[in-house]
Each structure stands twice: as structure tokens, then as C-alpha cells.
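Trainee: for reference, the sequence and a predicted model appear below.
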Amino acid sequence: MRSIPFILLLLLLTVTLCPVGSMAAPERVPDAASLEASGEKLQAPDDFPLPERIDDREVIRAFSDSLVQQQRGAPVTVNNHELFRLYDTIGDITLERRAEKTSERLNDFFRSRIPIDSLSIVEGHKLTAIRTPDNIITAFSDLDAIAQQLTRRELAEEAFGTIALQTGKFREETSGRNILFSLLKSLALLLALSVVWHYMNILFTFIDGWIQKLRLHHKADSDNKLLQLIAPDHLASIFSWMMRLLELFLKILLIYAYLATVLSFFPWTRDLSTNLLSFVLQPAGKLLQEFFSFLPSLVVVIFLFTVVRYLGKFSDVVFINIARGELKFVGFEQEWAEPTRKIVKIVLYLLLSFLLLASLPIFNSPPSLIILVMFGITFSLSAVPSMKNVLSSVMLNYTGSFRKGDQIAIGNVRGEVVSKGLLVTKIRNRKNEVVILPNRDVIGSKIINYTESVQKNGHLSVEVPFYLFRHVKIEEIREKVAEATLGTDGIMLDPKPVLRRIADRNGKYGYLVKANTGQARDIEAIASRMEQHIRERLLADNIN
């Protein structure tokens with residue numbers, strides 16, 4: 001019961017807030033049946049516009065999916081020449097098959113003897129065709145005409161004119177008179193080609209003879225490699241090579257132009273001539289386009305090559321003059337010239353490689369970078385032993401451990417240094433054998449340089465041990481041993497030989513004589529002769 005006043009209050013608020021019109025019943029609109037029953041007629045208002053007329057072709061265009069899909073159509077071609085295009089399918093014949101079949105029939109008509117004036121246009125219910133007395137060669141539908149914004153009749157008349165014109169042109173070109181005329185033109189063109197070829201040979205022969213005379217009369221006599229590089233005879237050699245390339249290019253161009261022109265004379269090979277031209281012109285156009293886009297990078301590459309080349313030539317001249325002693329720098333040894341020249345060359349070429357990688361667009365793509373990284377890793381892993389030898393060679397050169405021609409001992413190998421390379425060192429021992437040692441083994445071994453010892457100290461010590469069966473005092477044999485030692489060729493008189501006792505061996509008493517020589521190359525032969533002289537002198541006094 002308490003909720004009744006609340007409900008009444010809500011109803012009162014609803015009646016108060018709602019407009020009066022909104023509570024009215026909706027107006028009923030009479031329909032056509034009720035009006036007809038009441039005798040009234042339904043009429044359009046006087047200002048309602050009259051319906052517009054529309055062309056049926058526009059309706060077909062709006063609802064034709066096939067026309068939308070085939071906007072470009074299929075070409076009908078004869079002898080590589082497009083006559084017209086088709087846009088519609090006929091029955092179950094596809095557009096491509098219809099165009100192909102039409103091209104075949106027109107091709108047969110072109111090559112037949114059927115008169116052109118026997119062609120006629122015939123109208124059908126849905127198609128307009130062009131026919132000969134015996135066969136229909138083409139037909140057009142409404143969609144074909146709509147695609148070209150023509151009527152079927154207009155399209156057929158346009159195609160009729162094209163067919164008649166091209167047929168007459170083709171039959172005239174393939175007549176016996178025209179074929180004979182084309183053969184005569186081909187022979188005349190061949191004669192002209194022979195004349196041009198002959199005079200071209202004369203021209204390039206004259207140019208080559210002039211270049212040879214220039215080379216003979218302007219031959220460079222300087223030993224300077226930089227001057228030889230820019231000498232007239234060297235530049236003439238480059239020019240001669242360029243002229244030969246130009247001659248070859250012009251002859252190939254002449255042959256190509258002759259073939260393309262002769263093939264265009266005959267209707268059966270005209271398409272081959274067109275294909276031959278496009279076969280060269282299209283790639284040539286693309287190459288030219290790529291070349292012009294690559295031209296800035298090419299200029300950079302040529303500039304870098306030129307700079308590095310001439311820097312390399314300049315460094316060669318400098319270090320060769322240092323090696324000859326004609327050029328000297330304070331603190332730079334003459335023997336460092338050759339290894340330094342090689343190091344400078346390597347640095348220059350590495351710098352050139354890095355600059356090329358940075359400037360060429362081909363190396364900026366991810367696949368190229370992946371290939372370069374893989375190549376770099378492979379090269380680094382495989383070049384570890386070689387790099388050790390190269391670094392060891394650099395250390396050997398700049399520490400001045402030995403030079404070519406020095407008498408040295410490396411471990412158990414003793415002999416003359418034949419060559420010092422980036423990877424190995426070659427030594428000729430006393431048996432005339434050339435021992436090849438990797439530089440990493442050389443740098444890790446004890447090196448004795450006999451030649452440098454003579455140059456700095458003035459002499460080398462020659463120690464010869466000998467053994468006697470009985471004990472003899474040193475004072476008794478000192479004079480005899482000194483006399484035999486000084487009588488040996490290559491032994492220096494000053495300092496004098498020294499004789500001392502050494503450990504006994506196999507029951508024999510040991511003695512050691514130490515003398516000096518200034519001949520590092522023959523130290524082993526001197527030691528052998530000295531030992532022989534000592535034994536002969538002691539045996540002469542019955543001392544053994």
C-alpha cells in the first residue's frame with residue numbers, strides 16, 4: 001500500500017513532462033488500394049522529372065565483369081603488326097583463343113590470291129562480321145565495340161579498312177618485282193660495306209704505323225720509373241691498344257647494322273630484324289642507364305685507382321733509390337728499403353680495398369655484406385700461419401738480425417743467408433744445401449751472426465780441441481801449437497793463440513787451442529786446417 005502514492009507520483013510527472021502532440025495517435029497514410037476503392041487516382045506531382053533515356057551499351061558496360069577484366073584486350077597480329085584488338089569472348093571460345101584464330105585466318109587471307117574487293121561486312125543478331133566469298137575471317141560483338149566507344153558497324157568498317165590496307169601492302173612487298181629490288185638493295189649495301197671496311201683497314205693501319213714511329217722516336221732513356229710511366233712511348237702503347245679496341249667495335253657494329261638492314265628488306269624476315277634490333281637496343285639502353293647511374297661511383301673508383309697507382313710508383317722510386325744508396329734518411333737503414341716498400345704497397349692496396357667497399361653501391365646490400373664477412377672470416381682463419389711469418393719477417397728486418405750474404409747459425413743450421421722473404425728465410429749450408437726455414441721458427445731460435453761479429457769486433461774466435469794419449473805439460477807444447485796455428489791460412493797474428501786444458505775423454509788428455517780469424521765465411525774450413533796442422537806438428541815431435 002505504501003508504494004501506491006509513489007506510483008501515482010510517477011504517472012503525474014510523466015503526464016506533465018511529455019508534450020501533448022507526442023501523445024497523439026500517428027496519422028494514417030492511405031495506400032493505393034484504399035484510394036482506388038474510394039475512387040481517387042494516384043498521380044505524380046507536376047514537378048516530378050521525366051525519366052532519362054539510356055543507351056543499352058552503358059547498361060552492358062555497368063554489369064559486364066568480363067569487360068572490366070579484359071580492358072586491355074587481346075591483339076590480332078599479322079607479320080608482327082597489330083591490326084586491332086578484341087575484348088569479348090564468343091560462346092565457349094576464350095578471348096585469347098579467339099584472337100589467335102582470327103590472326104591465323106587473316107594471315108591465310110594475306111597470303112592468298114583472294115581479291116581484296118571481295119571482302120564484305122555482314123550483320124548478325126549479336127555479331128558483325130567481315131568475310132570473304134568462302135569464309136568469315138573476323139567478327140565483332142557489342143562488348144568489342146563498347147570497349148572502343150564505337151558501334152559494331154563502325155568498328156567493323158574501321159577494321160575492314162585496316163585489313164584492306166595491310167593486305168595490299170603485304171602483297172605488294174611480296175611480289176616478284178619487290179623481292180628482286182630488295183635483293184639488289186642487299187647487294188648494293190654489301191658493296192658499300194666492303195668499301196667502308198677497306199678504307200677502315202687503311203685508316204687504322206695508318207694510325208698504327210704513326211703510333212709505332214712515335215714509339216721509336218720518343219723512347220724513354222731515363223731509369224726513373226715515374227718518368228717512364230708518362231713517357232711518350234708508354235702513352236703511345238696505351239693509345240695503340242685503345243685504337244685496336246675501337247677498330248674491333250666499329251667492325252662488329254658495321255656487321256650488325258648490315259644484317260639488321262638486309263633483314264628489314266624482306267617481309268618474311270622483318271620481324272627477325274625488329275627482334276635483332278630490340279635484342280641489342282633494349283639491353284644497350286639498360287646498360288647505358290645503369291652506366292650513367294654508376295658513373296659517379298666509376299669516377300670515384302678511377303680516381304682511387306689512379307691515386308693509389310701513382311703513390312705506389314712514387315714509393316717504389318723512393319725506396320729503390322734508398323736501397324741503391326742514392327737517397328738517405330737519418331736513422332733509416334739501407335737494408336730496410338725493400339721490406340718497407342712491400343709494406344707500403346700492402347697498406348696502399350688494403351686502403352684501396354676499404355675505400356672501394358665504401359664507395360661501390362654493390363657492396364652496400366645485405367647479401368654482399370654477408371659474403372664479404374664470410375670471406376673475411378675464412379681468410380683470417382686460413383692466413384693465421386702466414387701472418388705469423390710476415391710479422392716475424394718484419395721483426396727480423398727492422399731488428400737487423402742478419403742480411404743477405406751473412407754467415408749465420410740458426411739453431412743447428414749454419415751457413416750463408418741466400419734470401420729473406422716475407423714468409424721464409426733460405427740458408428745455404430757447407431754441403432751446398434739450401435735450407436728453408438719459416439720466419440716464425442727463425443724469430444724463435446737463437447741466431448748467431450758471424451759476419452756482423454767480424455764487422456763490429458774485428459775478428460772471430462776459432463776453437464779447436466785435440467786429445468793426446470799421454471799427459472804433456474802445456475809449456476812443452478805451447479810454442480809448437482802456436483806455430484802450427486799461426487801457420488794456418490786465415491788465422492790472425494794478433495791476438496795470439498791461447499792453449500788450455502779441457503776435460504779428458506775416453507782416457508785421452510784434452511787440450512783446446514783458441515785462435516782468431518777475420519774470415520767469417522771460411523771459419524769451418526779454417527778450423528779444420530788448423531786442427532790438421534796442429535796434429536802434424538805434434539806428430540813430428542812424437543807427441544800423440
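Mentor: Arrived safely. Numbers count the residues shown, from 1 in each chain.
Trainee: average pLDDT for stretch 484-503?
Mentor: Averaging the model's pLDDT scores along stretch 484-503 yields 87.
Trainee: go through this protein and flag its longest helix.
Mentor: Secondary structure assigned by DSSP state H gives helix 270-324 as the longest helix of the chain.
Trainee: average model confidence for the helix or strand hosting V122?
Mentor: Assigned by DSSP states H and E, V122 belongs to strand 120-123. Strand 120-123 shows a mean pLDDT of 91.
Trainee: now the strands: where do they sit in the stretch 1-150 of the chain?
Mentor: Secondary structure of the stretch 1-150 of the chain (DSSP state E, counting those that start in this stretch): strands located at 74-78, 81-86, 120-123, 128-131, 136-140.
Trainee: now for these, which one comes closest to S237?
Mentor: Distance to S237, taken as CB to CB, is lowest for strand 81-86 among the strands of the stretch 1-150 of the chain, at 52.4 Å. The way it works is simple: take the backbone N, C-alpha and C, and place the C-beta from them, glycine included.
Trainee: how about that closest one: buried residues?
Mentor: Buried residues in strand 81-86, counting neighbours by 16 or more other CB atoms under 10 Å, are found at L83, F84, R85, L86.
Trainee: secondary structure class for L437?
Mentor: With DSSP: H, G, I helix; E, B strand; the rest coil as the basis, L437 sits in strand.
Trainee: and it, how many neighbours?
Mentor: 15 (other CB atoms under 10 Å).
Trainee: any weak-confidence spans in this protein?
Mentor: Along the chain, the parts satisfying pLDDT under 70 run over 1-71, 215, 217-235, 277, 360-365, 368, 379, 382-383.
Trainee: mind doing that once more with 50?
Mentor: 1-45, 47-48, 65-70, 222, 224-230 (pLDDT under 50).
Trainee: outline the domain layout of it.
Mentor: 57-173, 401-452, 458-540 (automatic domain parsing).
Trainee: redo those as TSV? Include distance to A323.
Mentor: Below are those laid out as TSV (distance: least, CB to CB, whole Å):
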stretch	distance to A323
domain 57-173	71
domain 401-452	12
domain 458-540	23
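Trainee: so what touches stretch 273-289?
Mentor: N80, Y256, L259, A260, T261, L263, S264 (CB atoms under 8 Å, 6 or more residues apart in numbering).
Trainee: buried ones among the residues you listed?
Mentor: Among the contacts of stretch 273-289, the ones that count as buried by 16+ other CB under 10 Å are A260, L263, S264.
Trainee: may I see these organised as CSV, with secondary structure added?
Mentor: Shown next, in CSV, are the buried ones among the contacts of stretch 273-289 (three-state DSSP):
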residue, secondary structure
A260, helix
L263, helix
S264, helix
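Trainee: roughly how far apart are A236 and I371?
Mentor: 41 Å (CB to CB, to the nearest Å).
Trainee: next: L512.
Mentor: For L512 relative to I371 (CB to CB), the value is 67 Å.
Trainee: ok, M395 touching I443?
Mentor: Yes - M395 lies in contact with I443 (CB atoms under 8 Å); the separation is 5.8 Å.
Trainee: let me see the contact set for the closest residue to L127 other than its chain neighbours.
Mentor: Using CB to CB, 6 or more residues apart in numbering and skipping the chain neighbours, the partner closest in space to L127 is A139 (4.6 Å). Going by CB under 8 Å, 6+ apart, A139 touches I90, G124, L127, T128, A129, I130.
Trainee: nearest residue to the last one in space, please, no chain neighbours.
Mentor: Right, I130. I130 sits nearest to T138 (CB to CB, 6+ apart), 5.1 Å away.
Trainee: how about the contacts made by that neighbour?
Mentor: V76, T102, R105, L106, A129, I130, A159, I163.
Trainee: which pair in those residues spans the largest distance?
Mentor: Most distant of those, by CB to CB, are V76 and A129, 13.8 Å apart.
Trainee: from G91, how far off is I207?
Mentor: 71 Å.
Trainee: more neighbours, the two?
Mentor: Using other CB under 10 Å as the criterion, I207 and G91 rank with I207 on top: 16 against 6.
Trainee: work out for me the element the more buried one sits within.
Mentor: Using DSSP H and E, I207 falls in helix 176-217.
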